[in-house]
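K.L.:
got a sequence here, can you model it:
(2 chains)
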2 protein chains.
Amino acid sequence: MKKLPHVIIIGAGFGGLQAAQSLATTEVEVTLIDRHNYHTFTPLLYQVATAQLSPEQVTVPVRTLLRQANNVHFLQAEVQQIDFVAREIKTHNHILNYDFLVLATGTQCQFWGIPGAKSDAFPLKTLSHAINLRHHLLSCFEQAATETNWQKRKQLLTISLVGGGATGVELAGALTELVTNVLPRDYPNINPYEITIILIQSGDRLLAELTKSLGDYTVKRLRRLGVKVMLQSKASQVTADGIELDDGTWIPSSTVIWAVGVKAAIPKSFPFIPKGKQGKIIVLPTLQIAEYPEVFAIGDLAKVNCQGKSLSGVAPEALQQGVYVARAIRKQLQGKTITPFNYFNKGRLAIIGCYSGVGQIGIFKLTGFLPWFFWLAVHLIYFPDWRNRLMILLTWFYNYFTGDRPVRLILVVPKFVTSID
Amino acid sequence: MKKLPHVIIIGAGFGGLQAAQSLATTEVEVTLIDRHNYHTFTPLLYQVATAQLSPEQVTVPVRTLLRQANNVHFLQAEVQQIDFVAREIKTHNHILNYDFLVLATGTQCQFWGIPGAKSDAFPLKTLSHAINLRHHLLSCFEQAATETNWQKRKQLLTISLVGGGATGVELAGALTELVTNVLPRDYPNINPYEITIILIQSGDRLLAELTKSLGDYTVKRLRRLGVKVMLQSKASQVTADGIELDDGTWIPSSTVIWAVGVKAAIPKSFPFIPKGKQGKIIVLPTLQIAEYPEVFAIGDLAKVNCQGKSLSGVAPEALQQGVYVARAIRKQLQGKTITPFNYFNKGRLAIIGCYSGVGQIGIFKLTGFLPWFFWLAVHLIYFPDWRNRLMILLTWFYNYFTGDRPVRLILVVPKFVTSID
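P.N.:
Numbers count the residues shown, from 1 in each chain, chains lettered A, B, ... in the order given. Just a heads-up that it's a prediction; the model follows:
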């Protein structure tokens, strides 16, 4: 029996998973490696953080998604070393050789050395971040419900968001929904007006990747919803009690959410690869790494230029690169040349919340209900598993129909617990 | 305005929650205290541990369940001291006075000092136990999938259950389902026959609280499903690698589940109260504590005798005691005497799995499909929240129709992870 070429893919995010699935019908053996046994549908993490969806609804076991792909094997492991010359990778428990390697490890949080940001702010890049944030927000409400010191109470009920990109905006909107809909029913002692949601953005507008008019609409819309949008403001320090801005303003706030800044997730043990902005791997237009045509970097990890512009790191880019890299491997195996990757931009949508969003599809700019609805519909369609898709749809119907946010569980042992069990 | 009598209930399990809900229309102020902000529907925990239901499906925020009860307040706190004489309780952050006190803190695990049982065995009393067990079981499968040392592999694929009561039996059955239905699809490298499920029971039959014929049926049924049932066997030591029986037998087993033994969950800081077997509080036939007629102990925490027999600690007993204690408080307020608590036994059901169960309803003994179906139906009906009830029903339909166990997520950072984020 002829030994098939071995493709190793590191990372089961949008890019890596898509690459594995696209290679399912190719005559290769594929090993997909991830530290976790699940794929996270990251665009919906903000809904986990705001008690709308459960963690189990936005994640799917990788093995479920690969059941139809008999030539794809999954390995839950951490890659500790890569040798480009020997074409070998070491995980914590295995040594594997490859003929093709696809790096798809994505990005991680970037804190720029701002004091306290890493230790005291709440990021929202991974599932555990989302779960932590949910637990923390609800714990603050629980504490505030019986807090009589008004200063402490004010601090517990102030939520600061750093970063006016998609994550900051959607969280601000979702928090508004949570505060307006759920709090009066659950915490009769807390007046919704006691709660302050602050969105801190360094630039002069929100959603910088969309046109200015849409960013301005978003500012107006959020302000109408009661969010305090602070433009041209930067964080200079974070503590467990609040956030300091670079003009010296101190905002007492028990919750500081870090929704800004990413850098490529490249472990130190990886071999030297030339890197660009945000530490992303510089690739050829074919997503290959110079000198190593059998090594590809895709998704958020790679610095990719299309039509003279750098890609912005959203899921559709990673998905298209996953499909592309599978085709590129097939072409190499057939001895054909690979044409450069080209991103087909179907448009951009951003959800604000409270039935509004913004979008840019071709020359059309959309604001209000339509892009809100489109955002939810598109994400539902792109969800990779039909069972979860149905559960999410039902949960959304329930949530929007009743105004409830049902997943308000603090599934963690509270700090004050000292005794038994 | 007249100050209403204040009832404090400690514990939001079946008994405490029911007491609070039953007092909703009484002219009292109620404070329900729990360390967690959610109520756990414990009979379904084994389904969380075996990847059938998500943790969010078997728990409901206490505040959701109290939305209709305007005189009931929830406090998430740990009770650190009780003064029966001053009628005062101290939590980690509050001091509260009561006119009536209902103790409903349930039970915790009992390990009888068996070496390693507390540190290395997996109990199943709380939600976090169930989540831990799910993570551990799936991690063992992931490790076994690429393990080439056959001894290590055998150990990873051996699951030992200590305790042949309801928990042990339902887990053994549910694990059989998981192994038969899911493993072949997800782990083509693992042959289902490599997996051993062992049920270790000290007595000479399973389900000791039911009649002998039903216990014998259960043994036969489990053995037919491939479970190795070891009667008259006791654990003498547990380690991370296996379990030793008192006859010296050593069973290499990466998963030892502790489904035996409970003791009353009474923090040391509580005042002295006479205790009976399993450390349970001795109460009068009216569930009052002698000398303190305003203090009640209900549910699993209390040692209650009915018709000369000690109650066995199941949910219906706690629910009926919750209703009873609310009525008893109303009667005391009206100056009436309280009649003793009487448990109305509607019957007992136990689920084995793979479409079979056993049950004893009045003089009728049931085995097979009917009690299996009844068990699921009764637990669905008794679930306290209609939204979760619907979600559970849908998930069961999906699970039994497809044979899948969809919640196979290891939502924890694996031990081998050393680097970034």
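K.L.:
mind listing what residue A:78 touches?
P.N.:
A:35, A:91-92, B:414, B:416-419 (Cβ atoms under 8 Å, 6 or more residues apart in numbering or on different chains). Every residue, glycine included, has its C-beta placed from N, CA and C.
K.L.:
read off the pLDDT value for it.
P.N.:
Residue A:78 carries a pLDDT value of 93.
K.L.:
now the contacts of residue A:78 in CSV, with neighbour count?
P.N.:
Listed next are the contacts of residue A:78 as CSV, based on neighbours: other Cβ atoms under 10 Å in any protein chain shown:
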residue, neighbour count
A:35, 22
A:91, 20
A:92, 14
B:414, 17
B:416, 14
B:417, 14
B:418, 10
B:419, 15
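K.L.:
I'd like the residues you listed as a markdown table, with pLDDT appended.
P.N.:
Converted to a markdown table, the contacts of residue A:78 look like this (pLDDT from 0 to 100):
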| residue | pLDDT |
| --- | --- |
| A:35 | 94 |
| A:91 | 93 |
| A:92 | 88 |
| B:414 | 82 |
| B:416 | 80 |
| B:417 | 78 |
| B:418 | 73 |
| B:419 | 58 |
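K.L.:
just the ones of those in strands?
P.N.:
Those of the contacts of residue A:78 mapping onto strands are residue A:91, per DSSP state E.
K.L.:
how long is stretch A:104-113 from one end to the other?
P.N.:
One end of stretch A:104-113 to the other measures 26 Å (Cα to Cα, to the nearest Å).
K.L.:
same question for it: list its buried residues.
P.N.:
For stretch A:104-113, the neighbour count (16 or more other Cβ atoms under 10 Å in any protein chain shown) marks A:104-111 as buried.
K.L.:
could you pick out which of these are near chain B?
P.N.:
A:108-109 (Cβ under 8 Å from any Cβ of the partner chain).
K.L.:
tell me which of the buried residues of stretch A:104-113 is nearest to chain B?
P.N.:
Chain B has its nearest neighbour among the buried residues of stretch A:104-113 in residue A:108, at 4.4 Å by Cβ to the nearest Cβ.
K.L.:
is it true that residue A:288 touches residue A:304?
P.N.:
No. Contact criterion Cβ atoms under 8 Å: residue A:288 and residue A:304 do not qualify, at 11.4 Å.
K.L.:
what about these two, which has more around it?
P.N.:
More crowded of residue A:288 and residue A:304, by other Cβ atoms under 10 Å in any protein chain shown: residue A:304, with 26 against 19.
K.L.:
what is the burial count for the closest residue in space to that one that isn't next to it in sequence?
P.N.:
Nearest residue to residue A:304 in three dimensions, chain neighbours excluded: residue A:311, at 4.8 Å (Cβ to Cβ, 6 or more residues apart in numbering or on different chains). If you count neighbours by other Cβ under 10 Å, residue A:311 ends up with 21.
K.L.:
show me what contacts residue A:311?
P.N.:
By Cβ under 8 Å, 6+ apart, the residues touching residue A:311 are A:304-305, A:317, A:343.
K.L.:
which ones among those lie within strands?
P.N.:
Using DSSP E, those in strands are residue A:305.
K.L.:
quick check: the two most widely separated of the contacts of residue A:311?
P.N.:
A:305 and A:317 (11.8 Å; Cβ to Cβ).
K.L.:
near chain B, which residues of the stretch 1-150 of chain A?
P.N.:
A:35-38, A:54-57, A:59, A:61, A:63-64, A:67, A:70, A:75-78, A:80, A:92-94, A:108-109, A:125-128, A:131, A:138, A:142, A:146.
K.L.:
buried ones only from those, please, as a PyMOL command.
P.N.:
In PyMOL syntax, the buried subset of the residues of the stretch 1-150 of chain A next to chain B is picked out as below (16+ other Cβ under 10 Å):
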select buried, chain A and resi 35+36+37+38+54+55+56+57+59+61+63+64+75+76+77+78+80+108+109+125+126+127+128+131+138+142+146
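K.L.:
tell me the residues of the stretch 151-300 of chain A that contact chain B?
P.N.:
Applying Cβ under 8 Å from any Cβ, we find that the stretch 151-300 of chain A lies next to chain B at A:185-188, A:265, A:267-269.
K.L.:
in helices, which of those residues fall?
P.N.:
Cross-referencing those against helices under DSSP state H gives A:185-186.
K.L.:
out of the residues of the stretch 151-300 of chain A next to chain B, what pair is the most spread apart?
P.N.:
A:188 and A:269 (53.9 Å).
K.L.:
so what's residue A:331 up against?
P.N.:
A:337-338.
K.L.:
burial measure for residue A:284, as a count.
P.N.:
Each residue near residue A:284 was counted by other Cβ under 10 Å, and the total is 16.
K.L.:
quick check: it touching residue A:292?
P.N.:
No. The pair residue A:284 / residue A:292 is not scored as a contact, 10.2 Å apart, by Cβ under 8 Å.
K.L.:
now the strands for the stretch 101-250 of chain A?
P.N.:
Counting by DSSP state E, counting those that start in this stretch, the stretch 101-250 of chain A has strands at residues A:107-109, A:122-123, A:158-162, A:196-200, A:228-230, A:235-239, A:242-245, A:250-252.
K.L.:
winner for burial among the ones you listed?
P.N.:
strand A:158-162 (a mean of 26; mean count of other Cβ atoms under 10 Å in any protein chain shown).
K.L.:
centre of the chain to that strand, how far?
P.N.:
What separates the centre of strand A:158-162 from the centre of its chain is 18 Å, taken as Cα atoms, centre = their mean, to the nearest Å.
K.L.:
counting by contacts, list what it packs against.
P.N.:
Strand A:158-162 is packed against helix A:166-181, strand A:196-200, strand A:242-245, strand A:250-252, strand A:255-258, with contacts defined by 3 or more Cβ pairs under 8 Å, 6 or more residues apart in numbering or on different chains; DSSP states H and E.
K.L.:
so, low pLDDT: which residues of chain A?
P.N.:
A:1, A:419-421 (pLDDT under 70).
K.L.:
look up how far residue A:103 lies from whichever residue of the stretch 201-350 of chain A sits closest to chain B.
P.N.:
Closest residue of the stretch 201-350 of chain A to chain B, Cβ to the nearest Cβ: residue A:267 (4.5 Å). Computed with Cβ to Cβ, to the nearest Å, the distance linking residue A:267 and residue A:103 is 11 Å.
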